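In: show me how the following folds:
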Amino acid sequence: GCGWNVIMPENGEIDLYAVWLPETPESEFTFTVKNNTATVTGCTSRGGTVVIPATLGGKKVTAIAAGALKGLGVKKLVLPPELSTVERAAVTDCGSLTEVYLFDRIISMNDASFMNCGGLSTLYIGAARAPVYHGQKHGTYSVKFERLYTARGRKLIIINGSNTAYGLDTAALISMLDDGFEVANFGFNWKTPLTIFYEVAARYIRPGDIVLSCPELMPQMWGENTASSTMWEMFESAYEVIGMIDMRNYGGILRTFADFNRKCIASGKGTDYDARYKDVNTYGDFTVLKTPNKAGDSYVQTAGRDFSVDVYLQKKYVSNMNRAMDACRAAGAEIFISFPPTNKNCLSAASATEEYRKAFESEIEARLHARVISHISDYLVPGSWCFDSDYHLTTEATKWRTEKLAGDINRAVASLKAEGKR
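Out: Next comes the predicted model:
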């Protein structure tokens, strides 16, 4: 699809094939024309697949009105590339609908646009406009994704917030691991639900792989499943990953996608798919030089960060995380939990105590389907080791963290072998 990844073979040549479906006949639609564009107002199709034409009455289709697609037996719905508006309840009472294909010119849409369509699970997205974020930092998701799906050996997949993007030397980590692993560093922005990365990774996991997370103290890192506009910056040049998740597990997917497109179109910016962010390597590490902050040991980004069981290990979050982790486990992976390097100055009074931190570790093992391989206390660092965040290490401190994490992984893998699990 347009806006999806293609890995070129060494000879630089590849055959691409158009994927298409015939448009549903115009006679099966009612529509209005205003300002030289068409709005779909009704549909009489009885087919299992409905493909809304790019034009009706010779005018580009840019909107679907409320109630236009009501009570249809459609299973697959394909929306036209110039569509910009899907009104509230535009698609309603379509209980058989499971798949929707749409494009990134939609700027007005939300979850209520598909009302009483409880079976809608899969969203396929194509690019109809030039990408905006592909050459920027968040646009490097495609680099990490390529590494995941081209890996041929045993994989260590690091699913995380930004502490591993900024605070890990993956090449050095590989050299320190006792067992040979191909490593993909999916450290990214905390505003993307971590479970999305687990669901995608599950598609590529083989027996013997390991999934490792070092979640920061943010709800999205522990199972909060509301989408954000920021996460689309990461998926804009790898739209296919959205088709790998069950969108019923998330809130705000449709709304935030429309919000993101509106922002991109309003910016008037665009780049091409040859653009690459220069400060990311093939493993997914951000390689920008990370110098110590000017505040030194007294540095604090956000005070009061708390290893709260009630906040981060609440029932609904745990359920979401275990669902996603279990998908990886079913494919043959072991799930490891470590901890991010954390500025000790940012902790709450309770989290500053060893007893409180150990209780958090114990509850992770009791509630999540994962193995805790580290201790929080071992990853508390002075403020002077931080770059521009309580979780982002300087280049020098990254070397320390990489070595410490390698040791934890090696010990955990040795324990699995002793238990006969590897």
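
In: could you use CA atoms for every contact and neighbour count after this?
Out: Fine.

In: could you say which helix or strand holds Lys294?
Out: Using DSSP states H and E, Lys294 sits within no helix or strand.

In: then Glu361?
Out: Under the criterion of DSSP H and E, Glu361 resides in helix 354-367.

In: and Ser374, what is it in contact with?
Out: Ile337, Ser338, Phe339, Asp408 (C-alpha atoms under 8 Å, 6 or more residues apart in numbering).

In: now the second one: how far from Ile409?
Out: It stands for Ser338. From Ser338 across to Ile409, the span is 9 Å (C-alpha to C-alpha, to the nearest Å).

In: what is in contact with the two at once?
Out: What both Ser338 and Ile409 touch, as defined by C-alpha under 8 Å, 6+ apart, is the set Ile373.

In: looking at these two, which has the bigger crowd around it?
Out: Of the pair Ser338 and Ile409, Ile409 is the one with more neighbours under other C-alpha atoms under 10 Å, namely 24 against 20.

In: tell me how far that one lies from Ile158.
Out: 12 Å.

In: one more: Thr353?
Out: Distance, Thr353 to Ile158, using C-alpha to C-alpha: 28 Å.

In: which one's more surrounded, those two?
Out: Shown here are Thr353 and Ile158; by other C-alpha under 10 Å, Ile158 has more neighbours (24 against 12).

In: what about that one, which SS state?
Out: Per DSSP: H, G, I helix; E, B strand; the rest coil, the secondary structure class of Ile158 is strand.

In: and the strands in the stretch 101-250 of the chain?
Out: Taking DSSP state E, counting those that start in this stretch as the test, the strands found in the stretch 101-250 of the chain are 114-115, 122-126, 155-160, 182-187, 210-213.

In: could you export the last one as CSV, CA atoms only?
Out: This file holds the C-alpha atoms of strand 210-213, laid out as CSV (Å, rounded to 0.1, in the frame of the first residue of the first chain):
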residue,chain,number,x,y,z
ILE,A,210,12.8,-12.3,23.9
VAL,A,211,10.7,-9.2,24.4
LEU,A,212,12.1,-6.7,26.8
SER,A,213,10.5,-3.6,28.3
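
In: that one pairs with which strands, and in what direction?
Out: Applying DSSP bridges, strand 210-213 is found paired with strand 155-160 (parallel), strand 334-337 (parallel).

In: burial-wise, tell me which of those comes out on top.
Out: The highest mean neighbour count among the strands paired with strand 210-213, using mean count of other C-alpha atoms under 10 Å, belongs to strand 155-160: a mean of 24.

In: what about that strand, average pLDDT?
Out: For strand 155-160, the mean pLDDT works out to 96.

In: where in this structure is pLDDT low?
Out: Low-confidence segments of the chain (pLDDT under 70): 422.

In: quick one on the thing from earlier: Throw the strands paired with strand 210-213 into JSON lines and include distance to Trp400, thanks.
Out: Below are the strands paired with strand 210-213 laid out as JSON lines (distance: least, C-alpha to C-alpha, whole Å):
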{"stretch": "strand 155-160", "distance to Trp400": "18"}
{"stretch": "strand 334-337", "distance to Trp400": "19"}
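
In: closest to Ser389 out of the ones you listed?
Out: Smallest distance to Ser389 across the strands paired with strand 210-213 (C-alpha to C-alpha): 15.4 Å, for strand 155-160.

In: neighbouring contacts of the closest one?
Out: Residues outside strand 155-160 that contact it (C-alpha under 8 Å, 6+ apart) are 148, 164, 181-188, 190, 194, 197-198, 201, 205, 208-215, 221.
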